[in-house]
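Peer 1: coords please:
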Amino acid sequence: MLVVLSVSIFAVCLAVGFFLLLRPELVIEMQRRFYALINWRMEPISMEKEIRNTRIMGGALIVPTLVVIVLFIVANV
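Peer 2: Numbers count the residues shown, from 1 in each chain. Prediction:
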C-alpha cells in the first residue's frame, strides 16, 4: 500500500514539474484566471521573467523528486 501511494505521489510531482517546465504560459494563464475568480487582478511585471521563473520552479520540483525516487529504490533493494 505504501509503495502504491509513494509511486502515485512521485507521478503527480513529476507530472506537475514537467507541466511547469514545458507549458509555463498556460500555468501563468491558469493562475491569472484563478485570481480573477476571487476578484484579484494579477499581472506579471515582466512576462519573460515570469516564464523563466515558472520553468525554474518546474525543474526545482523534478530534480528533488527524481532524487527521492532513486533513494526510495535504493532503500528498498
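Peer 1: going forward, measure contacts between C-alpha atoms and count neighbours the same way
Peer 2: Fine.
Peer 1: number of nearby residues for residue 21?
Peer 2: Residue 21: 23 surrounding residues under other CA atoms under 10 Å.
Peer 1: which element is it on?
Peer 2: helix 2-22 (DSSP states H and E).
Peer 1: next one: that helix to chain centre, how far?
Peer 2: 9 Å (CA atoms, centre = their mean, to the nearest Å).
Peer 1: Now the element after it, going C-ward?
Peer 2: That would be, after helix 2-22 and using DSSP H and E, helix 24-37.
Peer 1: picking that back up, so which bits of the helix holding residue 21 are buried?
Peer 2: For helix 2-22, the neighbour count (16 or more other CA atoms under 10 Å) marks 10, 13-14, 16-21 as buried.
Peer 1: what's the closest of these to residue 44?
Peer 2: The shortest gap between residue 44 and any of the buried residues of helix 2-22 belongs to residue 20, at 16.3 Å (CA to CA).
Peer 1: distance of that closest one from residue 76?
Peer 2: In this view, residue 20 and residue 76 are 30 Å apart by CA to CA, to the nearest Å.
Peer 1: and what of residue 54?
Peer 2: Residue 54 sits at a distance of 33 Å from residue 76 (criterion: CA to CA).
Peer 1: ok, these two, which is more surrounded?
Peer 2: Comparing residue 54 with residue 76 by other CA under 10 Å, the one with more neighbours is residue 54, at 22 against 8.
Peer 1: Quick one: distance of the strand or helix carrying that one to the chain centre.
Peer 2: Here residue 54 sits within helix 47-75, counting by DSSP H and E. Chain-centre distance of helix 47-75: 7 Å, with CA atoms, centre = their mean.
Peer 1: average pLDDT across it?
Peer 2: Average pLDDT, helix 47-75: 95.
Peer 1: buried residues in that helix?
Peer 2: Buried residues in helix 47-75 (16+ other CA under 10 Å): 50-51, 54-59, 61-62, 65.
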